[in-house]
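Undergrad: Task: produce atomic coordinates for the following.
(one chain, ligands or ions: 1)
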Amino acid sequence: MPIDWNQFTEIVNAHQSFVLTCHIRPDCDCLGSALGMAYVLETLGKEVRIVTGDPTPPNLSFIDPGDVIQVIGQDVRVDELLDGFDVLMVLDTSSWAQLGPMGDVVRGTKAMKIVLDHHRIGDDIGAIEFKDTTAEATGTLIARAAKHLGVSLTAEASKAVFAAIATDTGWFRFPSTTSETYQVAAALVDSGADPAGIYADLYERDTLGRVRLRGVILNRLTTELEGRLIHTYVLRGDFEETGAIPSDTEDAINYALAVAGTEAAVILIEQPTGGFKISFRSRCKMDSSQVAAQFGGGGHKAAAGAFVEGPFDQVQQDILDAVRKAMA
Ligand SMILES: [Mn+2]
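TA: Reported below is the predicted structural model:
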């Protein structure tokens with residue numbers, strides 16, 4: 001459903017103070033959208049604060065150079081945030097599970113609640129919903145909101161919104177990317193966003209350890225079933241040997257899927273405290289979530305995860321057997 005921007009504008013005009021929030025494990029779309037919306041509202045003379053359920057991860061701190069994003073339970077307590085403002089705006093999600101500790105504020109506040117989001121799934125959190133599930137990013141909705149509210153973005157706000165859209169579209173390559181995506185991006189470049197600088201901040205700030213661990217992971221790639229299944233692993237000792245940390249394995253499984261002909265990928269990552277974190281990816285009929293469920297995990301058809309304890313050889317055999325069966 002298209003968003004009723006007149007109604008959105010009326011709500012903004014009729015209120016003075018806003019709290020913006022987004023989902024836990026914040027990504028660039030959620031943080032960039034919050035910063036962009038905060039700029040728009042402040043330009044209109046509103047009082048705004050951004051409070052999230054989780055801290056900004058270190059690799060995304062570039063998006064908030066002024067360090068204005070606050071964390072619930074760290075910078076402000078739930079009971080301190082329940083009143084004293086007019087509108088709670090939830091960005092890039094509308095599901096209780098994704099709100100984390102901010103869910104207590106959403107439940108407890110008497111302020112008006114609105115959602116600005118592009119996700120299909122979500123809960124009724126008692127908010128007026130401004131949802132456009134055809135939008136490629138919440139960042140796109142921020143750019144539209146700025147237009148409807150008559151605010152031109154500064155270079156810094158443009159950078160935040162550009163980063164939001166660029167990351168949610170896989171740097172403008174996912175099928176959700178349309179000609180309008182490029183038009184919005186072009187307008188953001190005109191108002192000061194620097195794509196080369198944003199790309200470098202996002203993708204060219206890895207530690208040497210992270211890149212070395214990637215080498216280890218790539219070296220161990222093994223294919224079977226005529227190349228349809230690809231798998232690899234990380235052992236505890238690899239972290240020490242390369243100087244990497246466990247979060248450096250985050251997107252490792254995606255390199256495996258870069259190999260032509262692969263339909264499913266599996267990575268086993270031994271945790272520093274023992275046990276294996278398993279990630280499954282599927283681009284075939286295999287339902288990753290069903291395979292993960294056999295090991296107490298879960299997720300979606302295309303991507304799922306589980307945690308399994310036991311000796312490496314045994315865990316690897318059990319996991320691969322389940323995947324082979326699901327792909328048969
Ligand atoms: Mn998003």
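
Undergrad: my guess is residue 52 contacts residue 68, does it?
TA: No: when contacts are counted by C-beta atoms under 8 Å, residue 52 is not listed as touching residue 68 (11.2 Å). Every residue, glycine included, has its C-beta placed from N, CA and C.

Undergrad: So for these two, which sits in the more crowded spot?
TA: Neighbours were tallied for residue 52 and for residue 68 using other C-beta atoms under 10 Å; the higher tally belongs to residue 52 (27 against 12).

Undergrad: And the strands in the protein?
TA: Ranges of strands within the chain are 17-21, 47-52, 70-71, 87-91, 112-117, 128-131, 222-224, 229-234, 264-270, 276-282, 298-299, 303-308, based on DSSP state E.

Undergrad: For the protein, which residues are neighbours of the ion?
TA: 29, 92, 138, 168 (C-beta under 5 Å from the ion).

Undergrad: among the residues you listed, which two are most distant?
TA: Farthest pair in those (C-beta to C-beta) is 92 and 168. Separation: 8.7 Å.

Undergrad: Show me the common contact partners of the two, please.
TA: Here residue 92 and residue 168 have 29, 138 as joint contacts, going by C-beta atoms under 8 Å, 6 or more residues apart in numbering.

Undergrad: Next step: the residues of the chain next to the ion restricted to helices.
TA: 29, 138, 168 (DSSP state H).

Undergrad: so which one among those residues has the lowest pLDDT?
TA: pLDDT across those is lowest for residue 168, at 92.

Undergrad: Can you name the residue of the protein nearest to the ion?
TA: Residue nearest to the ion within the chain (C-beta to the ion): residue 29, separated by 3.5 Å.

Undergrad: I figured that residue hits residue 165, correct?
TA: Yes: the pair residue 29 / residue 165 is scored as a contact, 7.5 Å apart, by C-beta under 8 Å.

Undergrad: Would you mind finding the most buried of the strands of the chain?
TA: Among these, ranked by average contacts under mean count of other C-beta atoms under 10 Å, first place goes to strand 87-91 (a mean of 26).

Undergrad: who does that one pair up with?
TA: In the sheet, strand 87-91 lines up against strand 17-21 (parallel), strand 112-117 (parallel) (DSSP bridges).

Undergrad: in the stretch 151-300 of the chain, which spans are helices?
TA: Here the stretch 151-300 of the chain has its helices, by DSSP state H, counting those that start in this stretch, at 155-168, 179-190, 195-203, 208-219, 236-242, 252-256, 288-293.

Undergrad: re earlier: count the residues that sit near the residue of the chain closest to the ion.
TA: The tally of other residues near residue 29 (other C-beta under 10 Å) stands at 27.

Undergrad: still on that earlier bit, in JSON lines, list the helices of the stretch 151-300 of the chain along with mean neighbour count.
TA: Listed next are those as JSON lines, based on neighbours: other C-beta atoms under 10 Å:
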{"stretch": "helix 155-168", "mean neighbour count": "26"}
{"stretch": "helix 179-190", "mean neighbour count": "16"}
{"stretch": "helix 195-203", "mean neighbour count": "14"}
{"stretch": "helix 208-219", "mean neighbour count": "16"}
{"stretch": "helix 236-242", "mean neighbour count": "16"}
{"stretch": "helix 252-256", "mean neighbour count": "19"}
{"stretch": "helix 288-293", "mean neighbour count": "20"}
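
Undergrad: low pLDDT regions in the stretch 101-250 of the chain?
TA: Within the stretch 101-250 of the chain, not a single segment meets pLDDT under 70.

Undergrad: burial measure for residue 272, as a count.
TA: Residue 272 has 10 nearby residues by other C-beta under 10 Å.

Undergrad: Residue 148 now?
TA: 14.

Undergrad: Which residue lies closest in space to it, excluding its sequence neighbours?
TA: Spatial nearest neighbour of residue 148, excluding adjacent residues (C-beta to C-beta, 6 or more residues apart in numbering): residue 5 at 4.2 Å.
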